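> quick one, what's the 3D model for this:
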Amino acid sequence: MSKICIVGGGPAGMIAGVFAAREGGKVTLIEQNEKLGKKLFITGKGRCNVTNACEVEELFSGMITNEKFMYSGFYGFDNQSVMNFFEELGVPLKIERGNRVFPVSDHSSDIIKALQYELRRLGVEVLLNTKVKDLQIYNALGLNGEANSKPRVTGVVLDDGTIIKADKVLLATGGISYPTTGATGDGHKMAKNAGHKVTELYPALVPLEIKEKWCHQLQGLSLKNVSARVKQGKKVLYEGFGEMLFTHYGVSGPLMLTASSFLTKKLDQPAELILDLKPALSEKQLDDRLIREFEANYNKQFKNILGSLFPAKLIPVMIDLSPISAEKRCNEISKEERKKFLELIKHFTMTIMGTRDFKEAIITQGGLHVKEINPSTMESKKVSGLYAAGELLDLDAVTGGFNLQIAWSTGYLAGLAMSEG
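Have a look, this model is predicted:
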């Protein structure tokens, strides 16, 4: 029976513990927080977007970094397997817009309770409020001090100096986003100490900061159906459609969070965010709509006819940015002015200055270099018996349940592999 130690009680660590124990492993799960799943609790605005119910092949298109690494993971434990797993544990699920999967209850706590119950049922030892300081690694050295064989992990060292012996150790400590949930980067340090490369870390799925002051006047305004493009010079970095929110510093919401992940490594220079405020209308259709509005309100001032086109909070900004004088009567607006106003609506442009920091980032982009990890087992290629899973790895995806799917899939593979031998 393999003696297994899992460092980190998030989604990857918990599911690894379940499957390692189901296969007969003697599992100890160590979590530095007072409870398991602290970050999982706040995912999906507290509802827990468990996975995405798309076709399996589409899971790869939802990934941003190192999607090829996930071939074994996604096919070994796919989204349907995740849904079956939780429903078998007594958590009914539902599918919402964009194939997002949530508990029917809308409570992330139900997902955590199901995992905790299964860990308890399987006899997994859970140590809470317990911090791991480092890995214990054995290096067999020859007479001249050279390594005779690949190093192997023999356990973990706790903060108080206690050593917990193990045949296999899984690092599932997460990234460094939402540090209040315990994401402190300890796993990266331990991996580095063991000889692993950690790529540069960036906040991802994170709100964007905007230069224009008028943008901040729109704080609290939510737009549900807009099209967005992010450009640097002539290069388009991202195109998408969905919902966004204006904030006191810039923009947020699902559309903007996803856009950030395509941008965060490239913010050595400003980028443009270009919104189409009326994506359902072609330029010709929008022009016809404007003509009808102007004709129907022939003698009204321009500032008084915009209520049917935009939310109230957006109107003052549209007036300020428009080439048309606020007091100008509709029957005086020239074709050229109308065309420029149309251009403003279809190309509503802001300057992205940067992103918010890790405190507001949903995930971390970057992490343990995947070329040093076996994608079929999650075992280190550098240290025998050492495994890694979840957000600790240099893997990330768009919103919609894809990042949790990475955690479930990698945790599952690690759990099975650790229980062997």
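
> from Ala114, how far off is the nearest residue to Ser380 once chain neighbours are set aside?
Nearest non-adjacent residue to Ser380, counting by C-beta to C-beta, 6 or more residues apart in numbering: Leu386, 4.2 Å away. Any C-beta I mention is one placed from the backbone N, CA and C, and that applies to glycine too. Per C-beta to C-beta, to the nearest Å, Leu386 is found 28 Å from Ala114.

> so these two - more neighbours on which side?
Remark: of Leu386 and Ala114, Leu386 carries more neighbours, 25 against 20, as counted by other C-beta atoms under 10 Å.

> ok so, going back, the residue nearest to Ser380 bridge partners, please.
Judged by DSSP bridges, the bridge partners of Leu386 are Val169.

> contacting residues for it?
135, 137, 152-153, 168-169, 171, 194, 379-380 (C-beta atoms under 8 Å, 6 or more residues apart in numbering).

> what residue ranges in the chain score low on pLDDT?
Scanning the chain for pLDDT under 70 picks out 140-148, 421.

> tell me which residue lies nearest the centroid of it.
Centroid-nearest residue in the chain, with C-alpha atoms, centre = their mean: Ile363, separated by 4.4 Å.

> quick one, phi psi at that residue?
Per-residue torsions, Ile363: phi -140, psi 170 (degrees, to the nearest 10).

> what about it, distance to Leu393?
As for Ile363, its distance to Leu393 is 11 Å (criterion: C-beta to C-beta).

> the helices in the stretch 1-150 of the chain, which residues?
For the stretch 1-150 of the chain, the helices defined by DSSP state H, counting those that start in this stretch occupy 11-22, 38-42, 56-61, 71-76, 79-88, 108-121.

> contacts for stretch 345-353?
With C-beta under 8 Å, 6+ apart as the test, stretch 345-353 has contacts from 208-212, 215, 230, 250-251, 263, 267, 270-278, 283, 286, 309, 318.

> which ones among the residues you listed map onto helices?
215, 283, 286, 318 (DSSP state H).

> now the buried members of those.
Among these, those scoring as buried are 215, 286, 318 (criterion: 16 or more other C-beta atoms under 10 Å).

> of those residues, closest to Ala414?
Closest approach between these and Ala414, by C-beta to C-beta: Cys215, at 43.5 Å.

> could you verify my assumption that the closest one touches Gly250?
Yes. The pair Cys215 and Gly250 qualifies as a contact (C-beta atoms under 8 Å) at a distance of 6.2 Å.

> break the chain down into its domains, please.
Residue ranges for the domains of the chain, per automatic domain parsing: 3-197+366-419, 207-356.

> among those domains, show me which one is buried the most.
Looking across these with neighbours counted as mean count of other C-beta atoms under 10 Å, the highest average goes to domain 3-197+366-419: a mean of 20.

> how far does that one sit from its chain's centre?
Centroid separation for domain 3-197+366-419 versus its chain: 15 Å, with C-alpha atoms, centre = their mean, to the nearest Å.
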